[in-house]
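Asker: From the sequence below, what's the structure:
(one chain, ligands or ions: 2)
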Amino acid sequence: MNHTHKLTDVATLRSQARQHIEAGAVTAGYNANRDQVVKLLNEALATEIVCVLRYRRHHFMARGIHGQSVGAEFLIHSNEEQGHADLLAARIVQLGGEPDFSPDSLSQRSHAEYVAGDTLTQMIQENLVAERIAIDSYRDMILYLGDQDPTTSVLLKQILAVEEEHADELADLLEGMKG
Ligand SMILES: [Fe+2]
Ligand SMILES: [Fe+2]
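Answerer: Ligands and ions are numbered 1, 2, ... in the order given. The predicted structure is shown next:
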């Protein structure tokens, strides 16, 4: 328990909640820099969308003896990245921001790159690199937020855990390609 944090009295809670009600979930107790958080979430959104597209292409282009099984995994990852994109977009709106789905600037705003990839091994490698970028950038954002916005932090931690699973699976697939 943090004994340096003073609990707000009920009368203050009630009167604060009545002010700026149009801001919805963003209340007087919101401590983070909202514009900065929305900006970070939009960068994460762009990253997720690029990952959806890259995995999608790799799913359809996966060939060779391992093509079917690896390609099926790419489709699962693609759909999970889409799920992350949706969660991020919903949180952006909750914070009073606008999710940026503009395709023109997508690849510049994304942290991870879109690499088409020629061989199955190259595809796995590129996806693994992208996951590792996502892992470090989510971890960065979580540390940056600290305890300023617990809801966004929980969301980012949930997504981070899935990206770590993805990276782990891809490392296994890469190992399997050698055998
Ligand atoms: Fe993701
Ligand atoms: Fe991922």
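Asker: Leaving out sequence neighbours, find the closest residue to the closest residue to ligand 2 within the chain.
Answerer: Distance from ligand 2 to each residue of the chain (C-beta to the ion) is smallest for residue 166, at 3.6 Å. In this view, the C-beta of every residue, glycine as well, is placed from N, C-alpha and C. Sequence neighbours aside, residue 131 is the residue nearest to residue 166 in space, at 4.8 Å (criterion: C-beta to C-beta, 6 or more residues apart in numbering).
Asker: Assess the claim that the one you found and residue 167 are in contact.
Answerer: Yes. Residue 131 sits in contact with residue 167 when judged by C-beta atoms under 8 Å, with a separation of 4.0 Å.
Asker: And the two? Which one has more around it.
Answerer: Applying other C-beta atoms under 10 Å to residue 131 and residue 167 shows that residue 131 carries more neighbours, namely 24 against 18.
Asker: residues contacting that one?
Answerer: Residue 131 makes contact with 163, 166-167, 170, according to C-beta atoms under 8 Å, 6 or more residues apart in numbering.
Asker: Recalculate using a threshold of 6 Å.
Answerer: With contact taken as C-beta atoms under 6 Å, 6 or more residues apart in numbering, residue 131 is in contact with 163, 166-167.
Asker: ok, now how distant is it from ligand 1?
Answerer: Between residue 131 and ligand 1 the distance, using C-beta to the ion, to the nearest Å, works out to 8 Å.
Asker: With residue 86 instead?
Answerer: When C-beta to the ion is applied, the distance between residue 86 and ligand 1 equals 11 Å.
Asker: ok, now residue 149?
Answerer: The separation that residue 149 has from ligand 1, given C-beta to the ion, amounts to 19 Å.
Asker: Near ligand 2, which residues of this structure are found?
Answerer: 131, 163, 166 (C-beta under 5 Å from the ion).
Asker: okay, those in TSV with secondary structure and pLDDT next?
Answerer: Formatted as TSV, the entries for the residues of the chain next to ligand 2 read as follows, by DSSP: H, G, I helix; E, B strand; the rest coil; pLDDT from 0 to 100:
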residue	secondary structure	pLDDT
131	helix	96
163	helix	98
166	helix	98
